[in-house]
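1. give me coordinates for this.
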Amino acid sequence: MKVNITKNHNKFFILSAILLTISVGALLFRGLNMGIDFIGGTIVQIDLNQEFETSDIRGFTDKFDESADITYAGEDRFQMIISTKVDLDEDQRAQLIDDLTENYGDDTEVLSIDNVSATIGNELKAQAILAVGVAILGMLVYITFRFEFLFGIAAIIALVHDVIIVLGVYAIFGIQVNTPFIAAVLTILGYSINDTIVVFDRIRENRGKYKRNDFVSLVDNSIHQTLRRSINTSLTTILAISALYFVGVQSIKDFTLPMIIGFLSGTYSSIFIASSFWYVIKEKRMTDIKVK
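-> Numbers count the residues shown, from 1 in each chain. Just a heads-up that it's a prediction; the model follows:
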């Protein structure tokens, strides 16, 4: 199968532009559903010592916070973790515990109650942004040193593309953003840059095999040589992560969902965006030189 990336690069750019526009629009108009880790609130862990449905528990938490997050905990799923974006005072905590005890019996046991202040949440938010920024800057320096600056710029554009799309999906569906999400984003950056480097490395290896200005054949053939490897690697990884998502507890789902989205986007951007951007800039430079 012959891959004509250079011939169709405008189509890929238009597709990405549409996805990015939708994502940015969702971020601007809907915003992110920031979790308790970032905006503060109360976390209560309770053991009911019996089976229960989270939908039933919501009837007790809605009176305090309709957006409260309720997840199972413990191997037997008798425990729950209730996270509210509202700082529950002592009376509200007591009311919640009394309601649960009345409906589930005196075996109801409060394991822990913790408050997360908004100040800590803001610090986490700043640290998360810093971590992503440092990771992207470090990758730019590494790729520039190993290849060339233009390769580094193309790779960073692909990475930013992936992050914005992941954020956009979270904004569109109102999925809660918490600290596992940040860990997932950093993982996505590492995985995506790895795919991009594989393509760029093959382009560098093949440079001597083509005419100096034949960027079309250079890029298309290099991508063709790495395409099967990139798709197979991404597919097997996504299948494994998807299995974790469907059988895992909520904390695992919070970590794996952005990774699934990011790996799909990362595979696409590594093959169709990063290399296409490099090709377009190289062609433009050669055209400018000929004009002069």
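
2. what residues of the longest helix along the chain count as buried?
-> Taking DSSP state H as the criterion, the chain has its longest helix at helix 215-247. For helix 215-247, a neighbour-count test (16 or more other CB atoms under 10 Å) marks 215, 218-223, 225-226, 230, 233-234, 238, 241, 245 as buried. For glycine as for every other residue, the C-beta is placed from the backbone atoms N, C-alpha and C.

3. for that helix, name the packing helices and strands.
-> Under the contact definition 3 or more CB pairs under 8 Å, 6 or more residues apart in numbering; DSSP states H and E, helix 215-247 sits against helix 179-206, helix 250-268, helix 275-291.

4. tilt between the longest one and helix 215-247?
-> Following axes from the mean of the first three to the mean of the last three CA atoms, to 10 degrees, one obtains 150 degrees for the angle between helix 179-206 and helix 215-247.

5. quick one: buried residues of helix 179-206?
-> Quick answer for helix 179-206 (16+ other CB under 10 Å): 179-185, 187-189, 191-193, 195-200, 202-203.

6. low pLDDT regions in the stretch 1-150 of the chain?
-> The model of the stretch 1-150 of the chain has pLDDT under 70 over residues 1-3, 118-121.

7. quick one, helices of the stretch 51-200 of the chain?
-> Per DSSP state H, counting those that start in this stretch, the stretch 51-200 of the chain carries helices over the ranges 54-61, 90-104, 118-146, 149-173, 179-206.

8. switch these over to a markdown table; also include distance to residue 24.
-> Shown next, in a markdown table, are those (distance: least, CB to CB, whole Å):
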| stretch | distance to residue 24 |
| --- | --- |
| helix 54-61 | 32 |
| helix 90-104 | 38 |
| helix 118-146 | 17 |
| helix 149-173 | 7 |
| helix 179-206 | 17 |
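
9. any idea which of the ones you listed gets closest to residue 274?
-> helix 149-173 (4.0 Å; CB to CB).

10. identify the residues contacting the residue lying closest to residue 176 once chain neighbours are set aside.
-> Spatially, and ignoring its direct neighbours in sequence, residue 176 is nearest to residue 35 (4.5 Å; CB to CB, 6 or more residues apart in numbering). Contact analysis of residue 35 by CB atoms under 8 Å, 6 or more residues apart in numbering lists 69, 83, 85, 176, 177, 178, 179, 181.

11. what do you get if the cut-off is 7 Å, keeping everything else the same?
-> 176, 177, 178 (CB atoms under 7 Å, 6 or more residues apart in numbering).

12. out of those residues, which is nearest to residue 266?
-> Proximity to residue 266 was ranked across the contacts of residue 35 by CB to CB; first place goes to residue 177, at 18.9 Å.

13. what is the neighbour count of the closest one?
-> Residue 177: 22 surrounding residues under other CB atoms under 10 Å.

14. give the bridge partners for it, please.
-> Beta-bridge partners for residue 177, by DSSP bridges, are residue 34.
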